[in-house]
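In: need a 3D model of the sequence below.
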Amino acid sequence: MPRVFRYLLRESLMLTLASLAVLTFLVMLPQVLRLTDFWVNKGASFEVLGRLTALTFPRVLLASLPMALLTGILLCLGRMSQESEIVVLKASGVGLTQMARPFAVLVTGCALLSLWLTASWAPQTRYAFSLLKEDLQSGAAVLFQSQSFQQPMEGLMLYFQGQDAQGGMSGVVIHDARAAKEAVTISARQGRLQRDPQGKLSLMLEHGSRLSTLSDGASRMLHFETLDVDLGLKNRPSPRQGGKEWVEDFTLGELSAAIESAPEPTMRHRARVEWHRRLAMPAATFVLGMLSIPLGLQSHRASRAYGFVVALILLTLHFSLMMAGGVMANSGKLHPVLAYWGPNGTLALLTLYVFVMTARERPMRWAEALAEGLAALPQRLLRAWGRG
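Out: Residues are numbered from 1 along each chain as shown. From the prediction side, this is the model:
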């Protein structure tokens, strides 16, 4: 039995990862094409474009994970059914519960990954993406291009060698000739871009020197440990720059704190709705993944598209109900528990029903008829179009 367990887990995991890679690429491609506007029209470097793309990855991964899990399990069971491996396992005394265990392990792992994404990584990267996007839209985008001389305004030249993942700059050089009587050249080992609540931009430099050259030829050299340099640039002010004020940017812990201590009732309500949505997403991933197991085991009784068609319909219907419920919950017309956990509870009951029907080896006629009708719909439309 351990060998069968490892075999089923390995096959389903490989197909799920392959499905996840394909779906993530397909979902990210339009996002990347939209982001190229910053490269074409805003002058952003490929480095910044890569950072923007990387910051969208967790949210894309969160969206494609449920469908990839469904696809991986259904592909695995569909192949095994087509090659009569399911029949052999049943003839060997392997029951539904034993066959479902490795898939349940995979589903649980994906649900935990989804929980981590929605609780921490996805909101953090969403916040970082918003800040970087606002910087690019503000006209201060040149400050993010490493290893190139940039002139954000007349008389001001900037250069820095590199940039780390936290936005810190290394090898910073600034030449400021905006003042008619004095030209200043500043070099520093490292620095960091800062903005005040009004959007004013400055560079906090560390470990460097400041050379001032006067109009009469005299010069002064100053060595410093820290130096705040006003760039004379102003970023577009934004609520995000004063801290997180959008519940979509909060981690799960920050949402819990906002529910308890936010000063405004509107913010507490929005945080409560978002908290339920964050937890409902991993739960939906788990229930949909578990539903795919009996659907895959029943697929050999109907057309080959049976499992995919039924699963796709249920997936679309489920997330449509959750989205509609979320809109009503945000407007106060529906309690968040009903908005998000109502569809999950209904789907959990349907999953239990499908498991029972599969364990008793009873076909679900309604699902087979629906799948066969939808699978034959394109051919019927083509025949009707040909006759017309």
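
In: distance from the chain centre to stretch 314-327, please.
Out: Put simply, stretch 314-327 sits 18 Å off its chain's centre (C-alpha atoms, centre = their mean, to the nearest Å).

In: for residue 174, which non-adjacent residue is closest in space?
Out: What sits nearest to residue 174 in space, not counting adjacent residues and going by C-beta to C-beta, 6 or more residues apart in numbering, is residue 186, at 4.4 Å. For every residue, glycine as well, the C-beta is placed using N, CA and C.

In: ok, now which ones touch the one you found?
Out: Residue 186 makes contact with 172, 173, 174, 175, 176, 205, 208, 209, 210, 211, 227, 229, according to C-beta atoms under 8 Å, 6 or more residues apart in numbering.

In: tell me what it is bridged to.
Out: Going by DSSP bridges, residue 186 is paired in beta bridges with residue 174, residue 210.

In: show the subsequent helix or strand relative to the helix or strand encompassing residue 29.
Out: Element membership of residue 29, judged by DSSP states H and E, is helix 2-41. Once the chain leaves helix 2-41, the next helix or strand it forms, by DSSP H and E, is helix 46-82.

In: can you list the domains in this protein?
Out: 2-137+246-377, 146-235 (automatic domain parsing).

In: which residues of the stretch 101-250 of the chain fall in helices?
Out: 122-137 (DSSP state H, counting those that start in this stretch).

In: where's residue 361, which helix or strand?
Out: Secondary structure (DSSP H and E) places residue 361 outside all helices and strands.

In: correct me if wrong: residue 65 contacts residue 285.
Out: Yes: under the criterion of C-beta atoms under 8 Å, residue 65 makes contact with residue 285 at 6.1 Å.

In: now do the shared contacts for those two.
Out: 110, 114.

In: gap between the residue of the chain positioned farthest from its centre and residue 178?
Out: Here the chain reaches farthest from its C-alpha mean at residue 216, the gap being 57.7 Å by C-alpha atoms, centre = their mean. Distance of residue 216 to residue 178, computed by C-beta to C-beta, to the nearest Å: 18 Å.

In: give the helix, strand or coil label for residue 314.
Out: Secondary structure state of residue 314, per DSSP: H, G, I helix; E, B strand; the rest coil, is helix.
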